[in-house]
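1. sequence plus predicted model, see below.
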Amino acid sequence: MSKAPKPMNPAQIQSLKQIHTLFQRGQIAQARTRAEKELTKHPKVGAFHAMLAMILTGQGERARAEFHADKAVALDPKNADILTTRASIHASADEHEQARTLYEKALSLQPDHPGALSGLGNALSELGLYERAREIMTKVWKRNPTFPDPLVNLALLELDTTRAKHAIELLRDPPPPLDQHPNVLNLYALAHSYDDNVTPEQTFEAHERFGRAIATHVPSKSDHTNDPDPDRKLRVGLLTPDLRRHSIAYFLEPILEHHDRASIELHGFMTSNAVDEVTERFKQHCDHWHDLFGSTLFEMRDRIIEQNIDVLIELNGHFSGHKLSVFAMRPAPVQITHIGYANTTGMRTIDARFVDDITDPAPRADALASERLVRLDPCFLCYRPNEDAPNPSDPDPDRPVTIGSFNNLMKLSEKSIACWARILNDRPNTRLLLKASKLANDELRNELIDRFNALGIDPDRLDLRARATSLIDHLSMYNEIDLALDTFPYTGTTTTCEALWMGVPVLTLLGDSHAGRVSASLLSAAGLEGLTATTTDEYHDIALAHIDQGLRSGQARSDLRARVAQSPLLDAPAYTPKWESAVRDQWRAWCASKRSRANA
């Protein structure tokens, strides 16, 4: 029998608390130095190994983190804190079953351990055991009503399982200090894009709440010393975790490939370690590359300032991995948001947002944006199809006419389902194909089947599929549908472009906010305005007209691809100078303001 570990002495406990405080404050380098120093003196204290493992995980040193975490467990196998740390490292590597086992072991030792309970709820959610996850997350939240993570985790589960309304209700009026917590308000803002019951004004206010809160949490720089020459070569930075195979890449890469290197010096600031062959292409497009994974927000800010960036571009909005806190500190004199988020950021430190006349018609849209709206017409995006996309093909002649949607399940609102069910009821020989990663989960599949069944749709008419095994398989699946149905109030972007490229027309409903109008802009740029409906009745009627045309032939699909290929939607050489001009205009505005202040 192994000996029980020797209890930590008061000095060791105090040192561990100090290291943890440094870690929580984002002083990662100092925390690591202290932890490594303590381990040289106390190599058999499991808690120091666990603390260093947490730090190393945040810095992306997975192998070393696992070594120290395993060492901690070996030294102190009945310590719930250590087991929870090891479980969290499994979770960070998407090893959720292993994480679940260790969280449960920790809870067998300490049934009320908050970290283990919270972690178990997240692991169960990732494993698709939503009801049990919801039960545990609710329990943790009620026990810790003033801690942000339990509330955010529960609300995120609701959003992920198509319950945007419930997520908003949870987050609307949290107790202090959560009513000013950026993580809570970030998710509150994000959830508004998915709820078909909120107004654009309510959505704007939710984003403004976030903007007001984040402004009080970090200092904002105002004394930029950049040379205010309006026509000199600009240093433009891209700050994002998604310079990789990601939907953003389809719209960003054509800009970078065609940008004028004589007028723009491009800096890529990569904040994740999820690199791939697309990352390598982005590196080639950039003049300078900065790996910021593992850096604190303040270290990111300082690196951007050190590089003397003139214009910093934000690409994620309120989605996971965003660095809006860095933009709140204004490390660059001009800051722009583009591509990745279908709404205002709510932040006054972001100067401009690139849109177009369809997504954000003046003057109403201007009043519902914290940024200056800069319109890049005819479309604010330029698409680059995947070079490995298969050719459109003839449909199986024995299958029924099929309508479908490959959008994220979070976008599947009650109004979308009701409209689609009406179409299916009026064309009883038509099938609906839905593909989304979450449909691998039996709970969500059965719930979706029940929702359609309640509207008169037999389960046999639904073809529900999970994530495809490869991108080629995913794109090939478009050959199995004859008409793509866009979701609302949050429409598609990449999915809309992919469907068009695979020769499938996309039917959209024109909404009353940017999130509800992107597909309309994409369709207009492709010369397909007739696929944009302005009412659900019109949406229904257009769908029936397409269904009545029967199976969509391979020739019709190829013809649509050729049409899209020749449209402004794919014309990067024409689009990029407009994008560069818009960036330059924002820089000139800052230069004029700088000179005006200097002369005042």
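-> Perfect, I can see it now. Predicted, not measured: the structure shown is a model, and the values here were computed from it. Residues are numbered from 1 along each chain as shown.
2. so residue 187 sits in a strand?
-> No: with DSSP: H, G, I helix; E, B strand; the rest coil as the criterion, residue 187 is helix rather than part of a strand.
3. quick one, what contacts it?
-> 152, 155-156, 159, 167, 171, 318 (C-beta atoms under 8 Å, 6 or more residues apart in numbering). Where you see a C-beta, it was placed from the backbone N, CA and C, and this is true even at glycine.
4. over to residue 349?
-> 215, 220, 327-330, 335.
5. so of those, which ones are in strands?
-> residue 335 (DSSP state E).
6. from the contacts of residue 349, list just the buried residues.
-> Among the contacts of residue 349, those buried by neighbour count (16 or more other C-beta atoms under 10 Å) are 215, 327-330, 335.
7. and the contacts of residue 349, which is closest to residue 276?
-> Of all these, residue 327 has the smallest distance to residue 276: 25.5 Å, by C-beta to C-beta.
8. pretty sure the closest one sits against residue 347.
-> Yes: taking C-beta atoms under 8 Å as the definition, residue 327 is a contact partner of residue 347 at 6.4 Å.
9. not counting sequence-adjacent ones, nearest residue to residue 295?
-> Nearest residue to residue 295, sequence neighbours excluded (C-beta to C-beta, 6 or more residues apart in numbering): residue 303, at 7.0 Å.
10. so the one you found touches residue 291, yeah?
-> No: in this structure, residue 303 is not within contact of residue 291 by C-beta under 8 Å, at 9.9 Å.
11. of the two, which one has the most company?
-> residue 303 (20 against 15; other C-beta atoms under 10 Å).
12. show me the contacts for that one.
-> If you count contacts by C-beta under 8 Å, 6+ apart, residue 303 has them with 269, 290, 292, 295.
13. how near is the residue nearest the centre of the chain to residue 325?
-> In the chain, the residue lying closest to the centroid (C-alpha atoms, centre = their mean) is residue 319, at 3.3 Å. Going from residue 319 to residue 325 by C-beta to C-beta, to the nearest Å gives 14 Å.
14. contact partners of stretch 206-216?
-> For stretch 206-216, contacts defined as C-beta under 8 Å, 6+ apart pick out 180-182, 185-186, 188-189, 192, 318, 324-325, 328, 343-349, 370.
15. and it, what's buried?
-> Using 16+ other C-beta under 10 Å as the test for burial, stretch 206-216 gives 206-211, 213-215.
16. the residue nearest to the centre of the chain is in contact with residue 340, isn't it?
-> Yes: using C-beta under 8 Å, residue 319 is in contact with residue 340, at 6.6 Å.
17. where does pLDDT dip in this structure?
-> 1-2, 600 (pLDDT under 70).
18. again, only this time at 90
-> Within the chain, the segments meeting pLDDT under 90 span 1-7, 24-29, 58-60, 144, 221-223, 273-275, 294-296, 467-469, 594-600.
19. show me how the chain divides into domains.
-> Listed domain ranges for the chain are 1-77, 128-216, 234-375, 402-569 (source: automatic domain parsing).
20. can you pull out the strands in the protein?
-> Under DSSP E, the chain gives strands at 234-240, 264-270, 288-291, 311-314, 334-337, 352-355, 372-375, 402-405, 431-435, 462-465, 483-485, 506-509, 532-533.
21. returning to that earlier point: out of the domains of the chain, nearest to residue 384?
-> For residue 384, the closest of the domains of the chain is domain 234-375, at 4.4 Å, according to C-beta to C-beta.
22. tell me where the longest helix sits in the chain.
-> For the chain, the helix with the greatest residue count under DSSP state H is helix 572-599.
23. compute the inter-axis angle for it and strand 234-240.
-> Going by axes from the mean of the first three to the mean of the last three C-alpha atoms, to 10 degrees, helix 572-599 is angled at 110 degrees with respect to strand 234-240.
24. could you check the angle helix 572-599 makes with strand 264-270?
-> 100 degrees.
25. what does stretch 570-579 rub up against?
-> Outside stretch 570-579, the residues that touch it by C-beta under 8 Å, 6+ apart are 254-255, 257-260, 354, 376, 382-385, 564, 568.
26. closest one of these to residue 414?
-> residue 383 (29.9 Å).
27. contact partners for the residue nearest to that closest one when sequence neighbours are not counted?
-> In this structure, residue 383 finds its nearest non-sequential neighbour in residue 497, 4.6 Å apart by C-beta to C-beta, 6+ apart. Going by C-beta under 8 Å, 6+ apart, residue 497 touches 250, 383, 385, 522, 569.
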